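Participant: Please find the sequence and the predicted model below.
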Amino acid sequence: DVRDGVVLLASIFLARALLIWIAEAAAVRASARAKQQLREAALSHVLALGPTGPGATDPGGTAALITRGIDALDGYYARYLPQLVLAVIVPIAVLATVLGQDILTAVIIAVTIPLIPIFMALIGMFTKSQVDRQWRTLGVLSGHFLDLVSGLPTLKAFGRAKSQVEAIRSVGDRYRSTTMGVLRVSFLSSLWLELLSSLAVALVAVSVGLRLAEGQMAYSVALFVLLLAPEAYLPLRLVGQHFHAAAEGLGAADRVFTILETPVPTGGAAALEPGPITLEVTDLEVTYAEGGEPAVQGVTFTAEPGTVTAIVGGSGGGKSTLLFALLGFLAPSGGSLRVSAGGRSIPVTEVNTADWRSRISWVPQRAHLAARDLAAAPTIAEAVGLRTDDVDDEAVLRALTEAGIADEVRALPEGFQTRLAADGTGLSAGQLQRLSLARALCSPADLVLLDEPTAALDPATEASVVTAIGRWARQGRTVIVVAHRPALLDVATQIVRVERPPVPVETESSTLPAPAERTLITRVGW
């Protein structure tokens with residue numbers, strides 16, 4: 001009988017170890033799937049938010065959040081969450097089993113077990129503030145480092161590179177300090193949970209020992225109770241340990257879900273008819289935050305096929321914001337924005353966003369090169385022909401020629417097949433801008449939006465680009481361009497002035513040169 005009991009007990013221990021291994025393996029696989037799905041959802045949402053989302057406003061912090069932040073959720077999904085389930089089931093099962101053998105021990109367990117989650121909750125509230133501070137510091141560090149690397153040539157040119165070493169060291173020390181603060185709380189709370197659990201088990205052991213010495217309890221019952229009592233507290237102790245391992249991931253998850261809860265303008269269900277596009281902007285108002293000050297206000301113009309509309313005004317006047325509204329990244333907070341195609345006029349907000357953007361070719365101030373496969377570096381041919389499925393080398397060459405960069409591409413060892421970094425590393429600002437213009441030239445879009453397309457170009461290349469813009473208009477496209485240089489204004493059909501004066505006023509004339517056939521529309525925003 002003793003041998004059978006020992007074999008049974010050993011079998012139980014082996015089965016327990018096997019089940020724990022299976023549970024951990026399953027939890028790790030589930031965690032990997034959950035992290036992948038969350039990362040894909042967050043990345044897709046950031047891309048959908050576009051230039052008004054955190055990917056543009058805080059690229060360093062967003063990158064750290066989507067990479068390291070989501071990876072930190074491994075402790076939550078693989079350890080904390082499974083252990084939390086066990087912490088609910090196991091103590092109840094142990095308590096029910098012990099109750100059938102010894103009522104006093106069951107009462108001790110029932111009284112002491114609730115103390116552990118109560119203190120865990122108190123500690124968790126303090127830990128959350130520490131973890132939030134840690135993530136804020138990491139976001140600052142990531143953003144500062146990204147800005148530093150991006151602007152390193154400028155810092156070197158002005159002899160300020162070494163001064164940034166101290167700034168990075170200061171932010172790094174702050175992050176180290178907050179991380180050590182989180183670890184300090186983690187160790188102290190783990191010590192407290194261990195102490196509380198040990199005292200509870202010791203209380204059970206003292207009670208059992210006294211009654212066993214007085215002959216009030218059988219040895220078999222005493223052994224049974226002493227073996228099971230620690231198992232009632234073990235899941236709760238492990239939950240406390242894993243909570244602090246998962247706290248960093250939970251802090252990141254809060255920020256990820258904040259991004260996911262940011263609404264993305266999806267437009268309506270209406271589809272645009274094929275054909276040239278006319279935009280009708282009437283007293284348009286755009287704000288970045290609900291209830292905030294308008295970034296654009298009182299803008300009115302009509303952009304028709306075959307025309308070039310130039311948006312002018314001072315820096316920070318809302319010109320780029322106006323383009324973001326036309327692209328559907330910002331919803332109008334006032335006025336109206338309507339599009340006409342195929343004889344049908346509807347508000348842009350009622351048009352399916354994907355359908356609407358498929359009709360637009362956009363050249364931003366800071367161009368980004370991409371391939372159809374986001375995991376691969378694009379070739380020049382892929383980057384230029386991104387918007388066209390059946391683009392050929394002849395069309396790419398024609399677009400590169402009109403953008404004034406064909407000769408430089410031919411001089412490269414691999415020509416059109418030269419691979420480029422997505423951020424244009426290795427290219428000058430002018431070369432990157434001309435490649436993005438070539439991509440727009442190669443696109444069949446009916447509406448072309450250009451944000452200062454000649455800002456980084458020399459006069460000869462600028463003249464070539466201006467000629468291409470005029471050709472776009474003659475092809476029946478609707479062209480809207482943010483302009484600061486006079487050459488672009490020479491090809492404009494109409495000018496819309498957007499400014500930020502103290503009081504909205506209307507101006508009847510412009511100091512900018514305007515050909516006789518060009519309409520001057522002056523609307524002062526905000």
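Facilitator: Nice, thanks for sending it over. Numbering: from 1, shown residues only.
Participant: what's the model's confidence in the top strand by length along the chain, averaged?
Facilitator: Across the chain, the longest stretch assigned as strand under DSSP state E is strand 277-286. Strand 277-286 carries an average pLDDT of 87.
Participant: ditto for stretch 45-55
Facilitator: Averaging pLDDT along stretch 45-55 gives 77.
Participant: residue ranges with poor pLDDT in the stretch 1-150 of the chain?
Facilitator: The model of the stretch 1-150 of the chain has pLDDT under 70 over residues 1-2, 55-56, 124-128, 131, 135, 150.
Participant: mind listing the strands for it?
Facilitator: With DSSP state E, counting those that start in this stretch as the criterion, the stretch 1-150 of the chain has no strands.
Participant: again, but for the stretch 251-400 of the chain
Facilitator: Per DSSP E, counting those that start in this stretch, the stretch 251-400 of the chain carries strands over the ranges 277-286, 296-303, 308-312, 334-341, 344-347, 360-363.
Participant: chain center to stretch 218-230, what's the gap?
Facilitator: Between the centre of stretch 218-230 and the centre of its chain there are 54 Å (CA atoms, centre = their mean, to the nearest Å).
Participant: Look up how far residue 417 lies from residue 379.
Facilitator: Computed as CB to CB, to the nearest Å, the residue 379 to residue 417 distance reads 5 Å. Placement of C-beta: from N, CA and C, glycine included.
Participant: between these two, which one's more packed in?
Facilitator: Taking neighbours as other CB atoms under 10 Å, residue 379 and residue 417 compare with residue 379 leading, 18 against 11.
Participant: check contacts around the more buried one.
Facilitator: Neighbour list for residue 379: 371, 416, 417, 418, 419, 420 [criterion: CB atoms under 8 Å, 6 or more residues apart in numbering].
Participant: Over to residue 229?
Facilitator: Neighbouring residues of residue 229 by CB under 8 Å, 6+ apart: 94, 98, 105, 109, 201, 204, 205.
Participant: Redo those residues as a markdown table? Include neighbour count and distance to residue 59.
Facilitator: Listed next are the contacts of residue 229 as a markdown table, based on neighbours: other CB atoms under 10 Å; distance: CB to CB, whole Å:
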| residue | neighbour count | distance to residue 59 |
| --- | --- | --- |
| 94 | 21 | 51 |
| 98 | 25 | 56 |
| 105 | 27 | 58 |
| 109 | 24 | 53 |
| 201 | 20 | 51 |
| 204 | 25 | 56 |
| 205 | 16 | 58 |
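Participant: From those, which land in helices?
Facilitator: Among the contacts of residue 229, the ones falling in helices (DSSP state H) are 94, 98, 105, 109, 201, 204, 205.
Participant: Residue 325: which of the residues you listed is nearest?
Facilitator: Nearest to residue 325 among these: residue 94, at 62.0 Å, using CB to CB.
Participant: Quick one: residues contacting the nearest residue to the closest one once chain neighbours are set aside.
Facilitator: Ranked by CB to CB, 6 or more residues apart in numbering and with sequence neighbours excluded, the top spatial neighbour of residue 94 is residue 232, at 4.1 Å. For residue 232, the contact set (CB under 8 Å, 6+ apart) comprises 90, 91, 94, 95, 98, 109, 113.
Participant: Run a quick neighbour tally on the second one.
Facilitator: Same thing as residue 91. Look at residue 91: counted by other CB under 10 Å, it has 22 neighbours.
Participant: do the fourth one as well
Facilitator: For residue 95, the neighbour count with other CB under 10 Å is 17.
Participant: quick one: contacts for it?
Facilitator: Neighbour list for residue 95: 106, 109, 110, 113, 232 [criterion: CB under 8 Å, 6+ apart].
Participant: Check the gap between the second one and residue 479 for me.
Facilitator: Think residue 109. With CB to CB as the criterion, residue 109 and residue 479 are 77 Å apart.
Participant: returning to what we had before: show me which pair in the contacts of residue 95 is furthest apart.
Facilitator: Longest span within these, CB to CB: 106 and 113, 10.7 Å.
Participant: How is the protein partitioned into domains?
Facilitator: If you go by automatic domain parsing, the domain ranges for the chain are 2-260, 271-359+446-526, 367-444.
Participant: the helices in the stretch 351-500 of the chain, which residues?
Facilitator: With DSSP state H, counting those that start in this stretch, the ranges of helices along the stretch 351-500 of the chain come out as 353-357, 380-384, 393-402, 406-410, 429-441, 459-474, 486-490.
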